[in-house]
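Engineer: Let me see the structure of the following:
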Amino acid sequence: MGRFDVYYKKIISKIFIKYIDFVFKTSKIIKNENFNLLKNENKEKYIVLFWHGDSYSLNPFLKGESLYVITTADSRGDYITDLCNFYGYKTFRVPDETNGEGNFLRKIRKEIDFGDKSNLAVAMDGPLGPFHEPKSISFVLALLTKRKVIKVSIHTKCKISLYKRWDNYSIPLPFNTITIGVSEPIEVDRDDRKNDFLKIKELLKNEINVEK
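Structural biologist: The predicted model follows:
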């Protein structure tokens with residue numbers, strides 16, 4: 001990658017960061033009480049699940065809290081890593097496509113079991129879709145790390161949705177009302193794997209109601 005490309009990416013990342021930070025500072029943010037489950041002082045740690053299209057809108061949500069975010073090892077992942085670094089999160093860079101195989105799973109497990117015991121955030125339908133179809137990798141990670149899963153849902157009153165993208169990527173507008181719901185923890189066991197986690201997947205497709 002040339003020096004110009006690196007400089008260009010840094011400029012774009014700064015614009016992304018400044019914009020989403022401005023949106024959150026000028027908007028009314030509503031969170032349900034389960035948000036406290038994801039704070040640093042809560043001893044139990046989780047696999048935190050969200051939809052890929054909500055990833056930009058959710059970035060400031062856990063600012064100041066310990067969090068690992070799984071992202072891809074490509075140029076898209078570079079932008080996400082810059083955003084995560086700004087908010088104090090750490091990233092695991094993984095291949096675009098995986099069926100739960102490879103050394104990266106063992107590396108993740110080792111890091112969060114014996115190193116930094118932060119929550120681990122995963123886009124359920126990422127990195128390439130289909131739209132709102134949870135991938136099994138999230139639940140395989142839950143089994144390997146012996147962690148429960150928690151879903152984070154977001155409702156933005158005013159936003160731009162990029163419908164030409166597979167994930168309907170959402171960009172919230174400033175001076176907004178943003179509602180963020182955190183589900184109750186859901187336990188994943190080995191019996192769930194027998195039917196490819198179908199019951200949990202269907203449960204997680206439902207939106208989380210938050211009092212507005």
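Engineer: only C-alpha atoms for contact and neighbour calcs from this point on.
Structural biologist: Will do.
Engineer: per-residue pLDDT, the residue lying closest to Asp113 once chain neighbours are set aside?
Structural biologist: Once flanking residues are discounted, Asp113 sits nearest to Thr145: 7.0 Å by C-alpha to C-alpha, 6 or more residues apart in numbering. For Thr145, the pLDDT comes out at 88.
Engineer: can you pull the contacts of Thr145?
Structural biologist: Counting by C-alpha atoms under 8 Å, 6 or more residues apart in numbering, Thr145 touches Arg109, Ile112, Asp113.
Engineer: buried stuff in stretch 57-70?
Structural biologist: Buried positions in stretch 57-70, judged by neighbour count with 16 or more other C-alpha atoms under 10 Å: Ser57, Leu58, Asn59, Pro60, Leu62, Glu65, Ser66, Leu67, Tyr68, Val69, Ile70.
Engineer: can you list the residues that contact that stretch?
Structural biologist: Contacts for stretch 57-70 (C-alpha under 8 Å, 6+ apart): 20-21, 24, 38-40, 83-84, 87-94, 118-123, 154, 170-172.
Engineer: Just the ones in strands from those residues, please.
Structural biologist: Under the assignment DSSP state E, the contacts of stretch 57-70 contribute 90-94, 119-123, 154, 170-172 to strands.
Engineer: any chance of the residues you listed in a markdown table, with neighbour count, distance to Ile186 and pLDDT too?
Structural biologist: Formatted as a markdown table, those follow (neighbours: other C-alpha atoms under 10 Å; distance: C-alpha to C-alpha, whole Å; pLDDT from 0 to 100):
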| residue | neighbour count | distance to Ile186 | pLDDT |
| --- | --- | --- | --- |
| Lys90 | 19 | 24 | 91 |
| Thr91 | 19 | 24 | 90 |
| Phe92 | 17 | 23 | 86 |
| Arg93 | 16 | 26 | 83 |
| Val94 | 17 | 25 | 78 |
| Asn119 | 23 | 14 | 94 |
| Leu120 | 26 | 15 | 94 |
| Ala121 | 24 | 15 | 95 |
| Val122 | 24 | 15 | 93 |
| Ala123 | 24 | 16 | 94 |
| Ile154 | 22 | 18 | 94 |
| Ser170 | 20 | 26 | 96 |
| Ile171 | 20 | 29 | 97 |
| Pro172 | 24 | 29 | 97 |
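Engineer: which two in those are spaced the farthest apart?
Structural biologist: The largest separation in the ones in strands among the contacts of stretch 57-70, counting by C-alpha to C-alpha, is between Val94 and Pro172 at 27.3 Å.
Engineer: can you tell me which residues contact Ile200?
Structural biologist: Per C-alpha under 8 Å, 6+ apart, neighbours of Ile200: Val188, Asp192.
Engineer: Hmm, I typed the wrong one, I wanted Pro130.
Structural biologist: Pro130 neighbours (C-alpha under 8 Å, 6+ apart): Trp166, Asp167.
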